[in-house]
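[1] here is a sequence together with a model predicted from it:
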Amino acid sequence: MMTAALADSATMLRRNLKHMLRYPSMIAFMVLMPVLFLLLFVYILGGTVGPAGHTGRAAYATFITPGIIALTAVAASTATAVSVASDMTEGIMARFRTMPIARVSMLAGHVGRGVIQTVLGMVAVTAIALLTGFRATTSAAHWLAAAAILILFAFALTWLSVALGLAAKTVEAASNAPTPLIVLPFLGSGFVLTASMPAAIRWFAEYQPFTPVIDTARGLLTGGPIGHNAAIAIAWSLAIALGSYLWARKLFSRDPVRS
Amino acid sequence: MSSPSPQASPAITAIGLRKSYGEHVVLDGIDLAVQPGTVFALLGPNGAGKTTTVQILSTLIHPDGGQATLAGYDLNREPARVREVIGVTGQYSAVDKLLTGRENLMMMADLYHLGRARANARAQELLEQFELTEAAGQLATTYSGGMQRKLDLAMTLVSNPRIIFLDEPTTGLDPRSRRTVWQIVKDLARSGVTIFLTTQYLEEADQLADQIALLDHGTLIAQGTPDELKRMIPGGGIRLRFADAAALGQARAVISPPAGTAGQASTVQADEEALTLEVPTGGSVPELRGILARLEDHGIDVAELTVHTPDLDDVFLTLTGH
């Protein structure tokens, strides 16, 4: 039973990766938004803004790169939600539903592709950030730990976007569903210190999931303090992943919309 | 098309299937029985509920009420077992257009856990059977409508299903592709597979099906073999054309009242302009010979004779009134 589910998930992942490779422009399109924000903040604003100790273009680039990487995960969510929503309209999905396949595999294939796509986007964005002056100051072990935190967060957001893609009635609606997430790195620690914010916004900023993820990644990459942030980031990611998985499973077990 | 053995339990039974979308009743209590190894055609116009019936029987959607068994498995309680014995080719293309023909078949083989060697062999076998070998390496998005439909059918056959659903298998195909699909269906039926197909084409049901059910507005209005259905309406007759109005008048007097029942007399119709006479008959040769003999006895020449036998169109028009 379990092995069949794994085998079916692998088959579905192969299918989705072939789709991804046959539309490589998707990844280029995906990194466009975070890269534009990166260039805007480093080259237009970076000369004058930046929290104390992070002023100057290169230092500010280093400060905001974790936030830009989180923004990449949001952009990738849009791509995932769109591909899930459009896949649901395809006749092949109706065929899969009438076959003796583990149901979760049809979603797992999309999640696998979504995570791989997000990580590729994060790598591309990080490479561009390095060109703008971003410098990590720590060891390879810290790089790996930061990557692990970010991949876990990508996994959580991918499950969320799979659910959003299933919930959307149209492909257009799916492409808009994850858009509100774009503000979260801004209403968090992505571009300024939360301590500089007005009380109400600061309260929100400190308790929303992007802040501990960004703070943990920043701490690991640039040697800053991490504190409880790593544990909170992991807890948030697991909670989002589990909640979204349950939601997606419920949505997927409904009868498909009448065509 | 093999005839069902009387002892065999039906491959598909359905009792009282119902489905509504909001206020709109799509299926209003459908009873069906399909014998193993036969071709069953569900015939009806657009919106009659054909696709909904296939979607329910193939486990894609749940009925609001009613029961069904497929190969002995209960549709509502054992959908996973049902899925193991069926294959479905839906109305809309169910191929992955971003994969090649061979990749599509391999994907199906993988999902049925055939194993690498058997998967390769099965894919190759089906590509050859459906004459897709040359296009095997191309993305399905480049295929013509007929090729996509063939690939679709080939994918359905990967697992050698015992029951196959074909929802309007030839809609949108050119006449040549339609013939190809018909041949495939006939070959499958000969191999003992049970086929449940839907169609809006009466000719298609006539050509392929052992049993036909007529569906209209979510209700079955008739069931039977093609011949049984044709016998349900009187529709047949002959049309006689004459050289002039005088001959037409004489012939009319000779033939009415006809030799048959008195009730038929009123249905002998003359068309003064076309100089034709429509005479309903059962279509038998003695009946025809009798009419011609009487005309000859009276020295009336027939310029032209055409025979009209009832087809399913007549059945459908008669039973639905539209």
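    It's in.
[2] state which helix of chain A is the longest.
    Taking DSSP state H as the criterion, chain A has its longest helix at helix A:57-88.
[3] can it be found next to chain B?
    No: applying Cβ under 8 Å from any Cβ of the partner chain, one finds helix A:57-88 separated from chain B by no less than 9.5 Å. C-beta here means a position set from N, CA and C on the backbone, and glycine is covered the same way.
[4] which secondary structure elements does the helix or strand just after that helix sit against?
    Tracing the chain C-terminally past helix A:57-88 and defining elements by DSSP states H and E, one meets helix A:91-97 next. With contacts taken as 3 or more Cβ pairs under 8 Å, 6 or more residues apart in numbering or on different chains; DSSP states H and E, helix A:91-97 sits against helix A:103-131.
[5] mind listing what's buried in the helix it packs on?
    Neighbour counts over helix A:103-131 (16 or more other Cβ atoms under 10 Å in any protein chain shown) mark A:104-122, A:124-126, A:128-129 as buried.
[6] what does the stretch 1-150 of chain A have sitting close to chain B?
    The stretch 1-150 of chain A comes close to chain B at residues A:4, A:7-8, A:11, A:14-15, A:18-19, A:22-23, A:90-92, A:94-101, as judged by Cβ under 8 Å from any Cβ.
[7] need the buried ones from those residues selected in ChimeraX.
    In ChimeraX syntax, the buried subset of the residues of the stretch 1-150 of chain A next to chain B is picked out as below (16+ other Cβ under 10 Å):
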select /A:7,8,11,14,15,18,19,90,91,92,94,95,96,97,98,99,100,101
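[8] who are the packing partners of the helix or strand harbouring B:F196?
    Using DSSP H and E, B:F196 sits in strand B:194-199. Strand B:194-199 is packed against strand B:39-43, helix B:50-57, strand B:163-167, helix B:175-190, helix B:202-208, with contacts defined by 3+ Cβ pairs under 8 Å, 6+ apart.
[9] from the chain's centroid, how far away is the longest helix of chain A?
    Centroid separation for helix A:57-88 versus its chain: 5 Å, with Cα atoms, centre = their mean, to the nearest Å.
[10] list the buried residues for it?
    Neighbour-count burial for helix A:57-88 flags A:57, A:59-85, A:87-88 (criterion: 16+ other Cβ under 10 Å).
[11] got it, and stretch A:29-41?
    Within stretch A:29-41, the residues that qualify as buried are A:30-31, A:33-35, A:37-38, A:41, counting by 16+ other Cβ under 10 Å.
[12] what do you get for stretch A:182-192?
    For stretch A:182-192, a neighbour-count test (16+ other Cβ under 10 Å) marks A:182, A:184-185, A:187-192 as buried.
[13] tell me the one of the residues you listed nearest B:A189?
    A:I182 (56.9 Å; Cβ to Cβ).
[14] so that closest one, which of the three states?
    Of the three states, A:I182 takes helix under DSSP: H, G, I helix; E, B strand; the rest coil.
[15] name the nearest residue to it, sequence neighbours excluded.
    Excluding the flanking residues, the one nearest A:I182 by Cβ to Cβ, 6 or more residues apart in numbering or on different chains is A:V74, at 5.4 Å.
[16] nearest to B:D314, of the buried residues of stretch A:29-41?
    For the buried residues of stretch A:29-41, the minimum distance to B:D314 (Cβ to Cβ) is 59.9 Å, reached by A:M30.
[17] show me what the residue lying closest to B:A209 once chain neighbours are set aside is bridged to.
    Closest residue to B:A209 apart from its sequence neighbours, by Cβ to Cβ, 6+ apart: B:A41 at 3.6 Å. Counting by DSSP bridges, B:A41 forms beta bridges with B:L197, B:I212.
[18] show me what contacts A:G224?
    With contact set as Cβ atoms under 8 Å, 6 or more residues apart in numbering or on different chains, A:G224 has these partners: A:215, A:218.
[19] give me the pLDDT for A:G121.
    pLDDT for A:G121: 94.
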